[in-house]
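>>> sequence first, predicted model second:
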Amino acid sequence: MPSLCICPGRGNARLAVARRTLLAGAAVVAPLTLGLLASNPAGAACVQVGQNVTCTDTTFNYNSGAQANLNVTVQAGAIVIGNNGNDAIRISSTTSATLTNNGTIDGFVTILSTVAGSDTFTNNGILKITDPTANLQEHSMVGTNFTQTANGTLYVRVDSNDFYDGIFSRSANLNGGLVVVVQPGLYGAQTTFTKVINTSTGTAGGFSSILTSSPFFTARTAVNADPNDLDVILTRVGFGSIPSMTPNQRAVGNALEGSYSTTLTGNAATLYSNLLAANSVTVLDNISGEGTSATQNAAFGAGSLFNNAMQGQGLFGPNGAINGLLPLPYAEPAKPRGHEAFAALKAPGKPQAGEPSRWRVWVAGFGASRGFDGQTSTGSSNQSVRNYGGALGVERNLSHDLTFGVAVGGSGSNFSVGNLSTTGRVTGGHIGAYAVKAWGAAYGAASLSYALFENDTRRTIVGVGTTETATGRFTSHQVGARIELGRRHALGPAAVTPFVAIEPAALWQQGYTETASGILGLSVASRTATSLPSFLGVQIDSRHTLSGGATIAPYARAPWVHEFLPNRRVTATFVSIPTATFTVDGARPATDAARIDAGAKLALRPGHAVFANFAGEWSSRTDSYSATGGYRATW
């Protein structure tokens, strides 16, 4: 509890509460000085008419000077601010003074009068102190009767050294709200701040609500041993024990709780001190690194695009299992088709007249835009991913019903997790092989690929002390495949092909330690992520001859997609707290989704063709749009 003193340096000597500063671990009395407005009593936005002063806008350091029977009113919406540690409002009355706050007073209030008990201060608005240069102390109104109405809110700062703001008045009639503003520090399980409301004649009523600025504390008031005064008791809540936390927040909080102590030093102490002063439990999301799980969705997306680019060549090429079943794009006029579905492949042995050559080369470009909604069940955040890249392949007909090809490619992916201020890039190199085999009207297609990815991540961490950035760089390896089976049914000029497919993939991410601008960096553990979507759908395709001899072969596919392995997780440890390890879930692909693919191949002249494909995938929490286009040459 601060001592009373006759403080010099503020005009007339008076009874006031000393400002306290902490130097070398000791409380030292530091008296206030008047500030900038000694020669401008009413300030820029306070207007005085007779003995009535009205503040209607933003005013800095209102100082009345010595006047009789002064009435000061801060109107609704007006703000009176104390800066550089000075009073927001200082009233010196030779008889009596009345202060009514209907707006906001942000700074200390000092009321001096030569007639004790004749002054009143009624708070119908907000009374707080946010100036970082202002030491923790009480509003000094020794002879004033303080009243807070149901519409008023009093903010008091507290710290772990038992310093605090408060009310020092003749009497206090309390109502409305009390907000305890927690300053950085290492707090014990319970801290009592004595005489936050300090009166000489007594208090009446009580606060209708008591809140804290930090989710990691609760507060209550208690009558002091001196019944004229009121204490505030602050109780710490475990980092993982806050009601309505998400599973991700609880995982981070429990890891932090297990390593907490009031005897910590260094970066660990700073991290916990800032964390305890945070304003929202969402800071646990900000420091979790959950957003870096987007590297997994980005890698799986790029690998899937490369695999589908390869397999699409086998399925829809001139000798493929789909378009190859129709009249050839540059053959002689087609003969009537019999019941055999694979009319273009029906003669085994040497190629027939008009059949395409055995060697083909193709080049394709691909891109995708994907959105993943976070899940309330885990507390994950929304992600957006952009993939782009290309592939170059060569294939050969090993027999009339078997095609084999190889391909290489590259990809780039950008991702963003807006809620967590996390962005990054995943750059990949791909190599793969594919094959298509026909058995009459049925077919099977398979592709296998390997990718090496370089991952770069960047997080901006807010809400825990000074804003920081943390960057990471690591490699990952992916093996993916796609296997598809189908059977074609000719229906007049078109055909219908039911099909099933699976697309398994495994991603091995290396562990890494972030480079941080402060103390909130993470050491992220190595991880194996898996994906196993399945596809059950139907395709409709046909072929048409255009003027000049060109042919176009359009198709559309409509599969239902089910993802068996949707989990995307990150396991990490705080660099500053090596014992605090946790695992959080990132945004997942949908378990079930509807997909539509539409595409076409245009044969311009013998040996040359262009192709394009567009696909959309939708579910209750994801959406995806992708496109592939390219050129094929045959010889």
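Great, that's in hand. Numbers count the residues shown, from 1 in each chain.

>>> what ranges does the stretch 251-400 of the chain have for its helices?
266-276, 283-286, 294-316 (DSSP state H, counting those that start in this stretch).

>>> residues contacting residue 301?
368, 370, 385, 387, 413, 624 (Cβ atoms under 8 Å, 6 or more residues apart in numbering). Using the backbone N, CA and C atoms, a C-beta is placed for each residue, glycine as well.

>>> verify the stated contact: residue 559 with residue 533.
No. With contacts counted by Cβ atoms under 8 Å, residue 559 stays clear of residue 533, the gap being 9.8 Å.

>>> for the contacts of residue 301, give me a markdown table that also has distance to residue 223 and pLDDT.
As requested, the contacts of residue 301 are exported to a markdown table (distance: Cβ to Cβ, whole Å; pLDDT from 0 to 100):
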| residue | distance to residue 223 | pLDDT |
| --- | --- | --- |
| 368 | 65 | 98 |
| 370 | 60 | 97 |
| 385 | 58 | 98 |
| 387 | 65 | 98 |
| 413 | 62 | 98 |
| 624 | 62 | 96 |
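
>>> now, those residues that are in strands?
368, 370, 385, 387, 413, 624 (DSSP state E).

>>> name the nearest of the residues you listed relative to residue 441.
residue 624 (31.3 Å; Cβ to Cβ).

>>> mind listing what that closest one touches?
So residue 624 contacts 301, 368-371, 615-618 (Cβ under 8 Å, 6+ apart).

>>> picking up where we left off before, go through the contacts of residue 301 and say which is closest to residue 99.
Nearest to residue 99 among these, with distances taken as Cβ to Cβ, is residue 385, at 57.3 Å.

>>> who's the closest one bridged to?
residue 370, residue 415 (DSSP bridges).

>>> what does the one 4 residues further on give?
In this structure, residue 389 has the following beta-bridge partners (DSSP bridges): residue 366, residue 411.

>>> and it, what's its pLDDT?
For residue 389, the model assigns a pLDDT of 98.

>>> and it, how many residues sit next to it?
22 (other Cβ atoms under 10 Å).

>>> off-centre distance for stretch 187-205?
39 Å (Cα atoms, centre = their mean, to the nearest Å).

>>> before we move on, the earlier item: buried only: go through the contacts of residue 624 for me.
301, 368, 370, 615, 617 (16 or more other Cβ atoms under 10 Å).

>>> now, which of the residues you listed sits nearest residue 628?
So of the buried ones among the contacts of residue 624, ranked by how close each gets to residue 628 (Cβ to Cβ), first place is residue 615, at 8.2 Å.

>>> tell me which other helices or strands the strand or helix carrying the closest one touches.
In the assignment (DSSP states H and E), residue 615 maps to strand 608-618. Strand 608-618 sits against helix 294-316, strand 592-605, strand 622-634, with contacts defined as 3 or more Cβ pairs under 8 Å, 6 or more residues apart in numbering; DSSP states H and E.

>>> ok and it relative to helix 294-316, angle-wise?
Computed by axes from the mean of the first three to the mean of the last three Cα atoms, to 10 degrees, the angle separating strand 608-618 from helix 294-316 equals 140 degrees.

>>> next, the angle from strand 608-618 to strand 622-634.
Going by the same axes, to 10 degrees, strand 608-618 makes 170 degrees with strand 622-634.

>>> for residue 260, give its distance to residue 300.
Distance from residue 260 to residue 300, counting by Cβ to Cβ, to the nearest Å: 37 Å.

>>> give me the more crowded residue out of these two.
residue 300 (27 against 18).

>>> report the contact partners of the residue nearest to the more buried one when sequence neighbours are not counted.
Of all residues not flanking residue 300 in the chain, residue 531 sits nearest, at 4.9 Å (Cβ to Cβ, 6 or more residues apart in numbering). Counting by Cβ under 8 Å, 6+ apart, residue 531 touches 300, 503-507, 563, 565-566, 589.

>>> next one: residue 246 from residue 290, what distance?
Separation of residue 246 from residue 290 (Cβ to Cβ): 10 Å.

>>> out of those two, which sits in the more crowded spot?
Between residue 246 and residue 290, counted using other Cβ under 10 Å, the more crowded position is residue 290 (35 against 21).

>>> re the thing from before, next, format the helices of the stretch 251-400 of the chain as CSV and append distance to residue 114.
Shown next, in CSV, are the helices of the stretch 251-400 of the chain (distance: least, Cβ to Cβ, whole Å):
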stretch, distance to residue 114
helix 266-276, 44
helix 283-286, 49
helix 294-316, 68
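
>>> ok, the buried ones among the contacts of residue 624 vs residue 226, which is closest?
Distance to residue 226 across the buried ones among the contacts of residue 624 (Cβ to Cβ) is lowest for residue 370, with 65.0 Å.

>>> pretty sure that closest one sits against residue 384.
Yes. Under the criterion of Cβ under 8 Å, residue 370 makes contact with residue 384 at 7.1 Å.
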